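K.L.:
Any chance you can model this:
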Amino acid sequence: MKLLLDGMLGRLAKWLRLLGYDTAYFPDLDDNELVRLARAQGRVLLTRDRELTRRRGLNSLLVEGDELEEQIQQVISELNLETERPFSRCPVCNTPLQEIEKPSVKGRVPPYVFRTKEHFSLCPECDRIYWRGTHWANMRQEMARIRSGLSTKDPKIKKAEAAPTPPDTAGMGAPLC
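P.N.:
Below you'll find the predicted structure:
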């Protein structure tokens, strides 16, 4: 499922990308441009604007929660999103990440990271490099906690612990430009 988020949902857009969902986010588009883009690309528009959800011919979801965790849980539950491939998309630009050979990141990542990590991913669009560092572990724990909360509310939604571990090539670390 392809998603488009309005300008009020930037943090949610980043997290949906981290969870592996194709999530377009253009904070400067006005309502008419968002509607046109959602229709043209077959995306579900996620918005906090009740009036926007009333547009004809628009597949949309009114995001009601104020807290990020509530928003993630609502989106996954109401859109019946299946577990995607976490850490498979760039959280900055939404492009699918590609595996990159370790020798090609030498000098582009901190020396300690180069010595201690074996698997790296590259965003071919914005040229950021990702690896499984402490940020990755912390985000994975947060995702498990959010999904765990979902499973207690809706038995159809799987817990993160039951989801397959993403391959090492879809790692996440601190991005370097």
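K.L.:
show me where the protein has strands.
P.N.:
Under the criterion DSSP state E, strands of the chain are mapped to 2-5, 22-25, 44-47, 60-62, 98-100, 120-122, 129-131.
K.L.:
Might you calculate how far the second one sits from the centre of the chain?
P.N.:
Which is strand 22-25. Relative to the centre of its chain, strand 22-25 is centred 8 Å away, using C-alpha atoms, centre = their mean, to the nearest Å.
K.L.:
do the third one as well
P.N.:
Relative to the chain's own centre, strand 44-47 is displaced by 14 Å; criterion: C-alpha atoms, centre = their mean.
K.L.:
List the neighbouring strands of it plus their orientation.
P.N.:
Here strand 44-47 has these sheet partners by DSSP bridges: strand 2-5 (parallel), strand 60-62 (parallel).
K.L.:
tell me, what residue is most central in this protein?
P.N.:
Centroid check for the chain by C-alpha atoms, centre = their mean gives R17 as the closest residue, at 1.3 Å.
K.L.:
Quick check, pLDDT for it.
P.N.:
With respect to pLDDT, R17 has a value of 94.
K.L.:
In contact with it, which residues?
P.N.:
Applying C-beta atoms under 8 Å, 6 or more residues apart in numbering, we find R17 in contact with T23, R89, C90, P91, N94. Where you see a C-beta, it was placed from the backbone N, CA and C, and this is true even at glycine.
K.L.:
Pull out the buried residues from the helix or strand of the chain with the lowest mean pLDDT.
P.N.:
Here the helix or strand of the chain ranked lowest by mean pLDDT, DSSP states H and E is helix 134-153, holding a mean of 73. For helix 134-153, burial by neighbour count (16 or more other C-beta atoms under 10 Å) applies to W136, M139, R140, E142, M143, I146, R147, L150.
K.L.:
Just to check, D31 is in contact with D49?
P.N.:
Yes: with contact defined as C-beta atoms under 8 Å, D31 reaches D49; the gap is 7.1 Å.
K.L.:
Residue ranges of each domain in this structure, please.
P.N.:
2-78, 98-170 (automatic domain parsing).
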